[in-house]
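Would you be able to build a 3D model of this:
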Amino acid sequence: DEELDALLEQHPERVIDGVSMTSRLALRVVLGTTFPGVKEDELELLADRFIAVVKPAIRLIEKLSNRNTDLKADIERAVGEVRGVVSAIAAAVRATHARGGFRREHLEMAVINFILFGRDGQVPSDIELVPVLISFLYAGHETTGITLAWALYEMGRNPELYRTIQAEVDAFHHAHGGQAITSAQYDERPYTLALMYEVLRLHPPFPLLVRAASAPGRVPPDPETGIGGFEYPVDSVLIVSFSTMEFFHVIDALMRRYTLAFEHPERIIESTDGEAITGPPLGSIGLRIRRRRAGAPVGAATPRTPPN
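Numbering: from 1, shown residues only. As a prediction, the model looks like this:
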């Protein structure tokens with residue numbers, strides 16, 4: 001919110017790249033939900049550093065896939081910077097634990113527990129944390145950001161859909177005193193949930209985490225309906241979706257405070273990473289963002305439908 005407010009103060013009419021914006025917002029949400037208890041200003045600094053370091057490193061990997069082998073110095077530098085980001089995240093988690101910032105349920109969360117206590121009494125080194133944190137945080141926020149960007153695109157194409165989602169966001173937060181949504185409340189948001197499902201059907205990013213079971217186990221049935229329980233053997237392939245909660249949080253954070261005017265600009269778009277993009281690149285979504293006026297009717301700023 002503070003970052004968008006500052007942008008609006010300085011450049012109220014700037015058209016920005018919605019893909020870049022949703023990616024940054026999703027990373028903030030993923031860090032906040034993965035590391036509750038870590039101070040917000042620390043999370044913001046970590047998010048900025050993560051974006052500045054990890055995304056360029058991913059681009060280097062893409063160049064390697066094109067058999068560009070003259071990258072040794074760049075790769076060594078990128079690896080050092082990525083390790084530095086992971087060390088900073090681990091240090092923030094350990095410092096939060098040392099000052100008593102985590103509640104008991106926080107210490108039971110998988111990532112926090114692994115950073116602090118490891119497995120079988122072996123606390124992982126920062127180097128050992130690199131594949132865990134980078135794959136988890138990068139995949140978790142990038143897929144969510146892409147899904148959110150496509151959701152904005154579909155609302156830009158359909159002003160009635162935009163007004164419907166806006167009305168549902170407002171009604172939900174009015175009924176719950178502005179509290180953040182939980183997974184138990186998804187049924188109160190049928191249109192937003194339907195929007196997410198349809199976006200994933202039409203524009204799937206990579207919303208799944210695939211793992212092989214190292215031991216047999218059991219998934220309990222739904223406690224209310226008794227449906228869905230099953231057992232699985234060792235080496236079963238488990239597929240988990242992790243985009244839903246972040247999707248709701250970012251949609252709500254945007255639509256409670258701002259109106260979104262959608263553009264299809266044949267012009268320069270300003271990304272929130274500070275880069276200028278000439279024309280609409282593949283997947284980009286031009287946005288004008290304005291603060292919602294107190295008491296303004298839902299859909300007061302009608303999205304612009306991009307030309308065919």
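
centre of the chain versus stretch 187-197, how much separation?
18 Å (CA atoms, centre = their mean, to the nearest Å).

in it, what counts as buried?
Across stretch 187-197, burial judged by 16 or more other CB atoms under 10 Å covers Arg189, Thr192, Leu193, Leu195, Met196. Heads up, the C-betas are built off the backbone N, CA and C, glycines and all.

how close does the fourth one get to Phe172?
Computed as CB to CB, to the nearest Å, the Leu195 to Phe172 distance reads 14 Å.

And the second one, by the same measure?
Using CB to CB, one gets 8 Å for the distance from Thr192 to Phe172.

do the same with the last one
Here the criterion is CB to CB. By it, Met196 lies 15 Å from Phe172.

related to what we said a few turns ago, so which of the buried residues of stretch 187-197 belong to helices?
Cross-referencing the buried residues of stretch 187-197 against helices under DSSP state H gives Thr192, Leu193, Leu195, Met196.

Now tabulate the residues you listed in a markdown table and tack on pLDDT and distance to Gly101.
What follows is those, written out as a markdown table (pLDDT from 0 to 100; distance: CB to CB, whole Å):
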| residue | pLDDT | distance to Gly101 |
| --- | --- | --- |
| Thr192 | 91 | 32 |
| Leu193 | 89 | 33 |
| Leu195 | 90 | 35 |
| Met196 | 89 | 32 |
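
Show me which helix runs longest in the chain.
In the chain, assigned by DSSP H, the helix with the most residues is helix 126-157.

Could you list the buried residues of that one?
By 16+ other CB under 10 Å, the buried positions in helix 126-157 come out as 126, 129-130, 133-134, 136-157.

Quick check: of the buried residues of stretch 187-197, which lies closest to Ile115?
Proximity to Ile115 was ranked across the buried residues of stretch 187-197 by CB to CB; first place goes to Met196, at 29.9 Å.

which SSE is the residue lying closest to the closest one once chain neighbours are set aside in?
Among residues not flanking Met196 along the chain, Phe247 sits closest, at 5.2 Å (CB to CB, 6 or more residues apart in numbering). Secondary structure from DSSP states H and E places Phe247 in helix 244-257.

Show the secondary-structure elements that that helix is packed against.
helix 18-34, helix 126-157, helix 159-175, helix 190-202 (3 or more CB pairs under 8 Å, 6 or more residues apart in numbering; DSSP states H and E).

what comes into contact with stretch 85-95?
By CB atoms under 8 Å, 6 or more residues apart in numbering, the residues outside stretch 85-95 that reach it are 35, 38, 42-43, 46, 49-50, 53-54, 112, 115-116, 126, 129-130, 133-134.

Stretch 28-48 too?
By CB under 8 Å, 6+ apart, stretch 28-48 touches 24, 27, 50, 85, 88-89, 92-93, 96, 101-103, 106, 109, 111-112, 136-137, 140-141, 144, 245-246, 249-250, 253.

Drop anything exposed from those.
Buried subset of those (neighbour count, 16+ other CB under 10 Å): 24, 27, 50, 85, 88-89, 92-93, 96, 101-102, 106, 109, 111-112, 136-137, 140-141, 144, 245-246, 249-250, 253.

quick one on the thing from earlier: which residues are in contact with the helix holding Phe247?
1, 4, 22, 25-26, 29-30, 33, 140-141, 144, 147-148, 151, 165-166, 169-170, 172-173, 178, 180-181, 183, 186, 189, 192, 196, 260, 291-292.
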